[in-house]
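Enquirer: any chance you could fold what I've pasted below:
(one chain, ligands or ions: 1)
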Amino acid sequence: YFVEPHLFSEQEVTIVGDDVHHIVNVMRAKPGEKIVVCDGAGRSAVAQLVSLSAKEVTASIVQFLDEQTELPIRITIGQGLPKGEKMEWILQKGTEMGAHAFFPFTSERTIVKLDAKKEAKKLERWRKIVKEAAEQSHRAVLPEILPPASFRQAIASAAGYTQRVIAYEKEGGSTLHQVFAGMSPGESLFVLIGPEGGFSLDEVKQAELMGFQSVSLGPRILRTETASQYVLAAASYQFER
Ligand code: SAM
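Expert: The predicted structure is shown next:
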């Protein structure tokens, strides 16, 4: 379970929110039972349940864990908003595969339209999906989902990353292998993936002007929801042994 860092001390944790219902009513847990808790920022521990109520659960720390479940390079997926439920799939699988953060954006060929009300509801649902996926994968870091923004905002936000790439199927470009060969553990990568209709040449040029490198993800055209998984799997293969 993820616990807010300020409710996570060296001795005990306090769990509030939806997880209380899960622990008390779904798992029907009792004092003395053990759970695994994380603060979402890299600290995780085994904790023993002490008290359970409808509002909060407290547990005392038994042992801190040094499970290494984070990808050695931090990867942010800039994802062109896809139609239907595909974003949920990308978030769930991307979290299992080790993504550090997600930045959904709209671009020239985006089909879906999100108004403010729909957007707030979606974000809430997306964060829940990521949290559950992170728990099931024993992630020590809870991936962040940034609120949907424009393509321009997405490329501007990547300025602090070690490497910035735009996945583009039409041109030679570099290979992901070449990009990874120039990177070391501890560095960060921002990768832009287009929506179903892909990127326009103008967008690729704009990204290149902002320091993005155009990359190929191989000779086959991948669906938009497959592209991020390819990048994450390749990073695991390259950096994890
Ligand atoms: N029409 C399909 C769909 O509905 O999903 C394919 C969409 S593909 C154009 C979507 C995005 O995936 C592209 O904008 C690009 O970022 C990425 N992509 C897919 N295959 C790729 C490849 N072989 N090399 C580089 N990028 C790729």
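Enquirer: tell me the bridge partners for residue 34.
Expert: residue 48 (DSSP bridges).
Enquirer: contacting residues for it?
Expert: With contact set as Cβ atoms under 8 Å, 6 or more residues apart in numbering, residue 34 has these partners: 46-49, 62. The way it works is simple: take the backbone N, C-alpha and C, and place the C-beta from them, glycine included.
Enquirer: residue 220: which of the residues you listed is nearest?
Expert: Comparing the contacts of residue 34 against residue 220 with Cβ to Cβ places residue 46 closest, at 43.5 Å.
Enquirer: that closest one touches residue 67, doesn't it?
Expert: No - proximity of residue 46 to residue 67 does not meet the contact threshold set by Cβ atoms under 8 Å, at 10.7 Å.
Enquirer: look at those two and report which has more neighbours.
Expert: Neighbours were counted for residue 46 and for residue 67 using other Cβ atoms under 10 Å; residue 46 has more, 14 against 11.
Enquirer: buried residues in the host helix or strand of that one?
Expert: Assessed by DSSP states H and E, residue 46 sits inside strand 44-52. Within strand 44-52, the residues that count as buried by 16 or more other Cβ atoms under 10 Å are 44-45, 47, 49, 52.
Enquirer: stretch 70-85 too?
Expert: For stretch 70-85, using 16+ other Cβ under 10 Å, the buried residues are 71-82.
Enquirer: could you do stretch 87-95 as well?
Expert: Across stretch 87-95, burial judged by 16+ other Cβ under 10 Å covers 87-88, 90-95.
Enquirer: reformat these as TSV; add distance to the ligand and secondary structure.
Expert: As requested, these are arranged in TSV below (distance: Cβ to the nearest ligand atom, whole Å; DSSP: H, G, I helix; E, B strand; the rest coil):
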residue	distance to the ligand	secondary structure
87	12	helix
88	15	helix
90	11	helix
91	16	helix
92	17	helix
93	15	helix
94	14	helix
95	19	helix
